[in-house]
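Novice: Just a sequence and a predicted model for now, questions to come.
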Amino acid sequence: MKYLFFIFFFSLLTIFSCKNELHISTFGDFNLDTDLENFSKVIDKFSLNNIDNKNLSGKIINVCPKKGCWMNLKVDEDTIFVKFKDYGFFVPKTGVESKLAFISGNISKDTISVERLRHYAEDAGKSLNEIEKIVKPEFKLSFLADGVAIKTN
């Protein structure tokens with residue numbers, strides 16, 4: 001009987017001591033209010049939807065494997081290429097794929113030169129054959145981020 005009481009007591013203690021806390025990591029100068037309670041409301045309200053043209057949210061597709069100096073973000077049905085202002089900060093190179101991210105900064109339509117596309121392909125570890133197949137510039141949605149917040153749980 002004593003053992004059942006202790007098992008029950010420790011089970012209750014374990015259940016009530018576990019909180020479902022929001023864990024975020026911020027990089028750069030993140031402009032949304034990063035108070036955890038308000039941030040949680042932003043996540044619940046906007047989920048993966050576009051917030052506005054200065055702040056976007058989406059799932060991280062991939063990150064520059066060399067430095068973490070760029071990432072591709074899935075926002076609604078679009079893929080947005082995100083660079084970080086003045087290379088002033090980087091995001092983790094691994095472990096953030098499929099995580100929810102919020103970015104603040106400026107969105108634009110951008111022409112990416114063949115030289116820059118080849119550089120990104122090299123950073124991403126593409127083969128020389130794949131890199132040499134890049135012969136035309138691309139037109140993409142691009143985002144210059146002042147700050148990034150990544151939901152880590």
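Specialist: Yes, it's here. If you're wondering where the values come from, they're calculated on a predicted model, not measured in any experiment.
Novice: any idea how far Val135 is from the residue nearest the centre of the chain?
Specialist: For the chain, Ala101 is the residue whose C-alpha lies nearest the centre (Cα atoms, centre = their mean; 3.6 Å). Ala101 sits 32 Å away from Val135, going by Cβ to Cβ, to the nearest Å. All C-beta atoms are positioned from the backbone trio N, CA, C, and that covers glycine.
Novice: for Ser104, helix, strand, or coil?
Specialist: Here Ser104 is strand, with the state taken from DSSP: H, G, I helix; E, B strand; the rest coil.
Novice: Please name the bridge partners of it.
Specialist: Asn55, Gly147 (DSSP bridges).
Novice: show me what contacts it?
Specialist: Going by Cβ atoms under 8 Å, 6 or more residues apart in numbering, Ser104 touches Asp29, Phe30, Asn31, Leu32, Lys54, Asn55, Ala145, Asp146, Gly147, Val148.
Novice: Dihedrals phi and psi, the first one?
Specialist: When you say that, I think you mean Asp29. phi -100, psi 80 (degrees, to the nearest 10).
Novice: so how far is Ser57 from it?
Specialist: Asp29 is 17 Å from Ser57, where distance means Cβ to Cβ.
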